[in-house]
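Asker: Based on what follows, work out the 3D shape:
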Amino acid sequence: MIYSDLILHSDQWRRLVESFDQGRLAHAYLFYGPAGSGKEAHAVELAALANCLEPGESGALRQAQDGACGQCPSCRKVQGLQHPNIQLVVPLPRSVAITKRDHPLKALKPAELDDLTDQIASKARDPYFQVRVKGAKSILINSIRELRRVAYLKPGEPGWRAILIFEAEKLCTGEGAAANALLKLLEEPPEWTVFVLVTDRSHLLLPTIRSRCLGLYFPQLTDDQVAGYLIGQQGLDEEQARILAQVTGGNLPQARQLAEAGEEPLQALEGLAGSLLAAEPAHWQRLVNDLALLHRSRSLEFTYRLQLLQTWLRDLMVLQKTGDEGQIVFNRRLADLRHWLEAWPDADWGAATAAIEQVLGHLERNINPTLALTNMILDVRDAISNQPSAVSG
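Answerer: All right, here's what the predicted structure looks like:
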């Protein structure tokens with residue numbers, strides 16, 4: 001394997017390896033599923049497998065059940081994302097005017113090109129790093145034209161040409177010219193070429209593109225997998241790792257980014273709860289202003305804080321309705337949770353949880369953050385209804 005710290009989706013990977021070993025590799029795959037599940041890294045692993053040269057007397061293409069050897073000259077080139085048979089397509093900004101004959105990289109300013117180069121180097125080292133160039137809203141038509149120019153040429157080295165298209169849904173941005181251009185390639189696929197389209201949002205792809213790809217669904221990682229990674233790779237304690245895993249919904253890159261930010265989840269929760277439950281409206285307004293600013297400047301941390309509060313409220317709902325401590329995320333804070341239940345015996349914790357879910361949906365649709373957050377606070381307070389004399393979060 002190329003990535004030693006990739007959490008492998010065993011069933012999906014077994015299907016790919018078996019197809020390759022039996023000479024039935026599809027000409028185009030669609031890797032889809034929730035964000036942060038490792039789809040891009042599995043695409044790189046497939047490209048490595050299809051080009052791996054097993055050391056030995058024959059020098060033949062590797063046919064192994066466990067993937068690429070990770071040691072041969074071909075694998076070392078894939079590890080650096082520098083193999084001539086591999087072409088990586090990602091969304092790019094169009095910062096410089098270019099003609100239809102120009103290479104897509106000519107659309108980038110020098111600083112953007114340097115940033116892209118650095119990000120690709122990071123992707124080569126880290127299976128969960130995501131190449132995201134600032135200002136990139138679409139996959140440029142020139143990127144697909146460049147593919148069409150080289151796709152029918154013989155691969156630079158023995159093996160398969162692997163065309164990896166990340167954030168493939170952005171083929172369809174605007175008028176979808178890039179998607180239509182790619183469709184022509186998929187309709188007449190070159191020999192010894194495998195396309196791998198990777199997306200978190202397969203529903204945004206053209207149906208004609210989806211129909212020409214063999215779909216392979218990658219489910220979200222389990223809480224145990226994400227927590228185990230955070231404990232082993234990031235050095236987090238078990239409680240913090242499990243909270244991050246649960247709150248981020250199995251999105252490992254997001255959980256890792258939050259862990260690297262260094263914010264202790266329980267401290268963040270206590271600050272939110274204290275402002276939310278304060279008797280003075282001035283505290284609510286300050287909370288709205290702080291969250292609105294965070295939404296504009298650091299959207300990931302904003303979402304995390306709301307999901308953290310939502311998870312706390314969900315734990316309260318579960319305890320209130322079922323009493324099942326096994327389903328609790330904040331299981332080391334059971335005493336605090338029960339304190340809240342005693343303080344607000346008639347609270348509708350389900351409605352409070354739904355209010356946060358609603359505001360997250362509203363903000364995805366670009367509704368005014370200040371208005372949406374103000375309504376959320378009022379809805380949550382109304383759902384809790386009773387006001388205790390004092391509660392420690």
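Asker: shaky segments in the stretch 51-200 of the chain?
Answerer: Within the stretch 51-200 of the chain, the stretches with pLDDT under 70 are 55-65.
Asker: Helices along that one, start to end?
Answerer: 73-79, 110-125, 141-150, 177-187 (DSSP state H, counting those that start in this stretch).
Asker: and the chain, what are its domains?
Answerer: 10-217, 263-384 (automatic domain parsing).
Asker: And these: which comes nearest Gln240?
Answerer: domain 263-384 (6.1 Å; C-beta to C-beta). C-beta coordinates here come from the backbone N, C-alpha and C atoms, glycine included.
Asker: so can I have a markdown table of the domains of the chain showing mean neighbour count and distance to Ala227?
Answerer: Converted to a markdown table, the domains of the chain look like this (neighbours: other C-beta atoms under 10 Å; distance: least, C-beta to C-beta, whole Å):
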| stretch | mean neighbour count | distance to Ala227 |
| --- | --- | --- |
| domain 10-217 | 18 | 14 |
| domain 263-384 | 16 | 11 |
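Asker: any chance of those domains in JSON lines, plus distance to Ser4?
Answerer: Shown next, in JSON lines, are the domains of the chain (distance: least, C-beta to C-beta, whole Å):
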{"stretch": "domain 10-217", "distance to Ser4": "8"}
{"stretch": "domain 263-384", "distance to Ser4": "26"}
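Asker: Quick one: closest of those domains to Gln233.
Answerer: domain 10-217 (9.7 Å).
Asker: Next, the distance between the ends of that closest one.
Answerer: End-to-end distance of domain 10-217 (C-alpha to C-alpha, to the nearest Å): 12 Å.
Asker: Please apply the same query to stretch 325-341.
Answerer: 14 Å.
Asker: What are the contacting residues of it?
Answerer: 239, 242-243, 246-247, 266, 311-312, 314-316, 318-320, 391-393 (C-beta atoms under 8 Å, 6 or more residues apart in numbering).
Asker: that older thread, could I get the helices of the stretch 51-200 of the chain as TSV with distance to Phe218?
Answerer: Output for those, formatted as TSV (distance: least, C-beta to C-beta, whole Å):
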stretch	distance to Phe218
helix 73-79	20
helix 110-125	17
helix 141-150	24
helix 177-187	21
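Asker: so which helix or strand takes in Phe215?
Answerer: Careful, residue 215 is Gly; it's not Phe. Assigned by DSSP states H and E, Gly215 belongs to strand 214-217.
Asker: by contact count, what packs against the longest helix along the chain?
Answerer: The residue-count maximum for a helix in the chain (DSSP state H) belongs to helix 299-321. Contacts defined by 3 or more C-beta pairs under 8 Å, 6 or more residues apart in numbering; DSSP states H and E place helix 299-321 against helix 238-247, helix 252-261, helix 265-276, helix 281-297, helix 334-343, helix 349-364.
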